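# when you get a sec, could you give me coordinates for this:
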Amino acid sequence: MPQHKSAKKRVKTSRRAAQRNRRYISAARRAIKEFRADSAKSPEKMKKVVSLVDRAAARGVYHKNKTARIKSRLAKLIGKTTAK
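Numbering: from 1, shown residues only. Now for the predicted structure:
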């Protein structure tokens, strides 16, 4: 357990931040899973997913390279479905 007042505050604030981050991560993950599971992968649907991922990156939840990797993989999926 933290002994100092500042350490106690850090515990409280870091818990709150972790909950906030978890919300953005789970929303992005859920959107990605739904996009992958959907048979008709349209650019409009991808736009919504990319928006959620970018929002998480802007808040520092995801690293910028991770967001780039996610977007690249989703774009590749769209390319595969349109080629069929």
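
# C-alpha only now, for contacts and for neighbours.
Noted.

# tell me which other helices or strands the top helix by length along the chain touches.
In the chain, with assignment by DSSP state H, the single longest helix is helix 5-37. Contact here means 3 or more CA pairs under 8 Å, 6 or more residues apart in numbering; DSSP states H and E; on that basis helix 5-37 packs against helix 43-58.

# now do the helix it packs on, average pLDDT.
Mean per-residue pLDDT for helix 43-58: 94.

# relative to helix 43-58, how tilted is the helix or strand following it?
The C-terminal neighbour of helix 43-58 among helices and strands, as given by DSSP states H and E, is helix 64-83. Angle, helix 64-83 to helix 43-58, by axes from the mean of the first three to the mean of the last three CA atoms, to 10 degrees: 170 degrees.

# elements contacting helix 64-83?
helix 43-58.

# hmm, Asp54 is touching Thr67, no?
Yes - using CA atoms under 8 Å, Asp54 makes contact with Thr67 at a distance of 6.8 Å.

# what's the nearest residue to Pro2 if we skip its chain neighbours?
The shortest distance from Pro2 to any residue other than its chain neighbours is 5.5 Å, reached at Lys8 (CA to CA, 6 or more residues apart in numbering).

# typo on my end, His63
Per CA to CA, 6+ apart, closest to His63 is Ala57, 6.0 Å.

# contacts only, for the one you found.
Going by CA atoms under 8 Å, 6 or more residues apart in numbering, Ala57 touches His63, Lys64, Thr67.

# mind listing what the last one touches?
Read that as Thr67. Per CA under 8 Å, 6+ apart, neighbours of Thr67: Val53, Asp54, Ala57.

# and which of those residues is nearest to His4?
Of all the contacts of Thr67, His4 sits closest to Ala57, with 32.4 Å by CA to CA.

# show me where pLDDT drops low in the protein?
81-84 (pLDDT under 70).

# repeat that with 90
Across the chain, the ranges flagged by pLDDT under 90 are 1-2, 38-43, 77-84.

# of the contacts of Thr67, which is the nearest to Ser39?
Val53 (20.7 Å).

# does that closest one touch Ala31 like I think?
No - look at Val53 against Ala31 with CA under 8 Å: they stay out of range, at 9.0 Å.

# neighbour count: the two, which is higher?
Val53 (26 against 19; other CA atoms under 10 Å).
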